[in-house]
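[1] I would like to see how this sequence folds:
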Amino acid sequence: MAAPLGELEQEVMTLAWKRGAVTVKDVLAALERDRAYNTVQTTLDRLFKKGLLEREKVSHSFVYRPHMTRIEFHRALIANLVGELQPKERAPVLAAFVDAAGDADLDRLEQLIEAKRAAKRKP
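    This next block holds a predicted model:
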């Protein structure tokens with residue numbers, strides 16, 4: 001189950017998705033502001049415990065790899081959010097999503113809705 005990420009967690013995951021694998025030292029070198037080694041190490045461990053990163057011991061340190069793609073994470077995040085809503089709470093959330101979407105997004109959304117409905121109609 002995906003939960004929203006904090007600022008540092010998002011930075012770490014973005015780096016892991018971009019590089020494919022990271023260590024504490026990699027993250028420290030890539031961050032735009034100074035962070036303590038222990039802070040980054042704790043963040044990586046927390047992301048591992050949340051199931052977002054896998055890790056492998058190499059020599060004296062862990063190498064972390066994403067357990068899911070960025071797209072899979074966002075899908076799980078949305079599914080979790082919508083799943084927590086009561087049916088009557090969903091309409092305003094969907095309306096806000098549609099309001100924020102551009103024309104291309106709305107066109108794609110129409111295609112997805114039609115494909116979903118077509119799949120449900122099949123015996």
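
[2] care to break the chain down by domain?
    Using automatic domain parsing, the domain parsing of the chain gives 7-66, 87-123.

[3] okay, these in JSON lines with distance to L81, mean pLDDT and mean neighbour count next?
    C-betas here are computed from N, CA, C, even on glycine. JSON lines is the format used below for the domains of the chain (distance: least, CB to CB, whole Å; pLDDT from 0 to 100; neighbours: other CB atoms under 10 Å):
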{"stretch": "domain 7-66", "distance to L81": "16", "mean pLDDT": "95", "mean neighbour count": "15"}
{"stretch": "domain 87-123", "distance to L81": "8", "mean pLDDT": "89", "mean neighbour count": "9"}
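
[4] The ones you listed into JSON lines, with extra columns for distance to L77?
    Output for the domains of the chain, formatted as JSON lines (distance: least, CB to CB, whole Å):
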{"stretch": "domain 7-66", "distance to L77": "11"}
{"stretch": "domain 87-123", "distance to L77": "13"}
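
[5] looking at those, which is closest to R75?
    Using CB to CB as the measure, domain 87-123 is the one of these that comes nearest R75, at 12.3 Å.

[6] Is it correct that T23 is in contact with F62?
    Yes: using CB atoms under 8 Å, T23 is in contact with F62, at 6.9 Å.
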